[in-house]
Structures are given as structure tokens and as C-alpha cells.
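Peer 1: Requesting a structural model of the entry that follows:
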Amino acid sequence: MNPSGETTTVKNSIPADDDGSFPASFRAPLDELARDLSRIASGNYVARMKEAMIEMRETISREVTERMRKEADANFRSAIDGVRQQFQDRLQQTQSDFERERAQLLKELETLKRTDVTAKLQSELNRTNQALQNVTAEIAQMLDDPDVELAKVIRQNAVQNEMKAYARGLSYQLSIDQGSVV
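Peer 2: Modelled structure (predicted):
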């Protein structure tokens with residue numbers, strides 16, 4: 001039937017056998033085609049095709065998901081490696097800066113200690129020299145006074161000698177701390 005509802009006959013361009021059937025060489029392929037068409041028509045084929053499409057979609061989805069997960073993992077690992085390298089670089093720089101600053105601070109501390117010790121030594125030397133001048137003046141007064149006992153003058157002279165020795169020791173230590181040993 002054609003679309004207008006009329007019955008039409010199709011002229012067969014394939015030569016037929018004497019009895020009007022198809023030649024034997026066409027029968028096997030035509031029979032196979034007929035079986036395939038009947039399977040398609042029965043709906044079994046469509047259901048199998050749907051199942052195959054669903055299966056293929058799931059397989060492709062799994063493969064794409066796995067590929068994307070692997071790419072994401074690789075990108076994540078690469079980013080972590082980059083951050084780790086930056087951290088290590090910064091850590092090394094910080095350690096280097098710390099060691100340099102520590103050495104500088106230790107040097108400054110040593111200088112400050114020396115300065116403090118030097119200032120204390122200088123102060124003690126000045127105090128000792130002042131006391132020495134007072135003792136020397138007192139001895140001179142005693143020698144001018146005829147009423148002072150000689151033993152007292154000798155004791156003050158011993159104190160003066162001890163103070164001179166102490167002042168010389170302070171001067172020596174001060175020269176060592178200032179780096180100019182005399």
C-alpha cells in the first residue's frame with residue numbers, strides 16, 4: 001500500500017526461477033534478513049539495544065569519571081608539590097635570615113658586654129684613683145704633723161701601695177678589654 005491507501009505492486013528486478021521463487025543463492029541471505037526483521041519487530045531487539053546503550057553510557061561515564069579523577073589527583077598533587085617547594089624555599093630563607101640575625105645579635109651582645117664591663121672597669125679605676133689621691137694627701141698631712149705616730153703613717157703607706165697595685169690591675173684589665181694590651 002502506498003501512502004494514499006492504494007495497493008501497488010512492485011516489479012521484481014531480481015530474476016525469478018521457473019516456479020516464480022527467488023534463486024537459491026538469494027534464499028539464505030533473505031531468510032537471515034527475515035529472521036533479523038522479525039526479531040526487530042518483536043521488540044526484543046529494541047530492548048537489547050536500549051540495554052546496550054545504557055551499558056555503554058555507564059561504561060563511558062565510569063571511564064570519563066575515572067579519567068577526570070586521575071587528572072584532578074594529578075593536578076592536586078602538582079599543586080601540593082608546588083606549595084611544598086615554596087614552603088621549603090621560604091623555610092630555608094627564614095632559617096638563613098635567622099642564623100644571620102642571630103650571629104649579628106650575638107656579636108652586638110658581646111660588644112655590649114664588653115662596653116658594660118669596660119664602663120664598670122673605668123668607673124672602678126676612677127673611684128680607686130680618687131681614693132688613692134685622698135690617701136696620698138692624708139699621708140702628706142700626717143708627715144707634716146709631728147704629733148702623728150710613725151706606725152700610723154706606715155699603715156697608710158701600705159694601704160696606698162695596695163691601692164696602687166689594685167689600680168694597675170684595673171688599668172691592665174681595661175687595656176685588655178679595649179684590645180690594646182700595654
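Peer 1: To which secondary structure element is residue 143 assigned?
Peer 2: Element membership for residue 143, per DSSP states H and E: helix 44-144.
Peer 1: And the pLDDT at the most centrally placed residue in the chain?
Peer 2: The centroid of the chain falls nearest to residue 87 when counting by CA atoms, centre = their mean (1.6 Å). On pLDDT, residue 87 comes in at 93.
Peer 1: What of the one 10 residues further on?
Peer 2: Here, the pLDDT recorded for residue 97 equals 92.
Peer 1: packing partners for the helix holding residue 143?
Peer 2: When contacts are defined as 3 or more CB pairs under 8 Å, 6 or more residues apart in numbering; DSSP states H and E, helix 44-144 packs onto helix 24-42, helix 150-177. C-beta here means a position set from N, CA and C on the backbone, and glycine is covered the same way.
Peer 1: how far off helix 24-42 does that helix point, in degrees?
Peer 2: 60 degrees (axes from the mean of the first three to the mean of the last three CA atoms, to 10 degrees).
Peer 1: Could you list the low-pLDDT ranges of the chain?
Peer 2: By pLDDT under 70, the weakly predicted segments of the chain are 1-23, 41-45, 179-182.
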